[in-house]
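Enquirer: Build me a model from this:
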Amino acid sequence: MKATLLKIAALSITLLSATPAFAQNPAHLNQLIETNLCAACNLAGADLSGAHLIGADLRNADLSGANLQDVNLEGADLTGANLQGANLQGAFINSATLTRTNLEGVNLTDANLSFADLSDADLTAANLSNINLVGANLQDTVMPKEMLGLVQ
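Expert: Predicted coordinates:
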């Protein structure tokens, strides 16, 4: 009996620890979809893949760990947003404002950031494979060493 209880407790702890720690706010998600305005929203871990968020106001929003694959964020304002660990593969972020944005560890493979403002953004450990940065403002941007031509 005692052994069975211990097994149940161990299994419960394992299942609880495997649950994602994301805590997106459903009301914020609905607000973004309905109005395209969601400054300082909690969208951590949200699945917004393929969404059309052209010109969205996402200033200071928490999009950490979000799935933004193939999203259209053309002209969006992501100033001060947290996108740490987000998936932006194939995203269209043309002419967007990403000033002081945390892009640490993001996947930007095949993303288009042409003419985007990335000044003071942090791209540490980001995957920038096949990224389009034509005309982008990279002033004071923290870039992965590989992008700077440095070898570790």
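
Enquirer: Could you list the low-confidence segments of the chain?
Expert: Flagging of the chain using pLDDT under 70 yields the residue ranges 1-23, 147-152.

Enquirer: go again using 90 as the cut-off
Expert: Within the chain, the ranges that satisfy pLDDT under 90 run 1-24, 144-152.

Enquirer: ok, which stretches of it are helices?
Expert: 2-18, 26-35 (DSSP state H).

Enquirer: buried stuff in the last one?
Expert: Spelled out, it's helix 26-35. Across helix 26-35, burial judged by 16 or more other CB atoms under 10 Å covers 28, 29, 32. (Glycine included, C-beta is placed from N, CA and C.)

Enquirer: In CSV: those residues, plus distance to residue 70.
Expert: Converted to CSV, those look like this (distance: CB to CB, whole Å):
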residue, distance to residue 70
28, 21
29, 18
32, 17
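
Enquirer: From residue 127, how far out is residue 110?
Expert: From residue 110 across to residue 127, the span is 10 Å (CB to CB, to the nearest Å).

Enquirer: quick one: residue 56 and residue 37 touch, right?
Expert: Yes. Counting by CB atoms under 8 Å, residue 37 is a contact partner of residue 56 at 7.3 Å.

Enquirer: overlap in contacts of these two?
Expert: Common neighbours of residue 56 and residue 37 are not found (criterion: CB atoms under 8 Å, 6 or more residues apart in numbering).

Enquirer: residues in contact with stretch 124-136?
Expert: With contacts defined as CB under 8 Å, 6+ apart, stretch 124-136 is touched by 103-118, 142, 144, 146-147.
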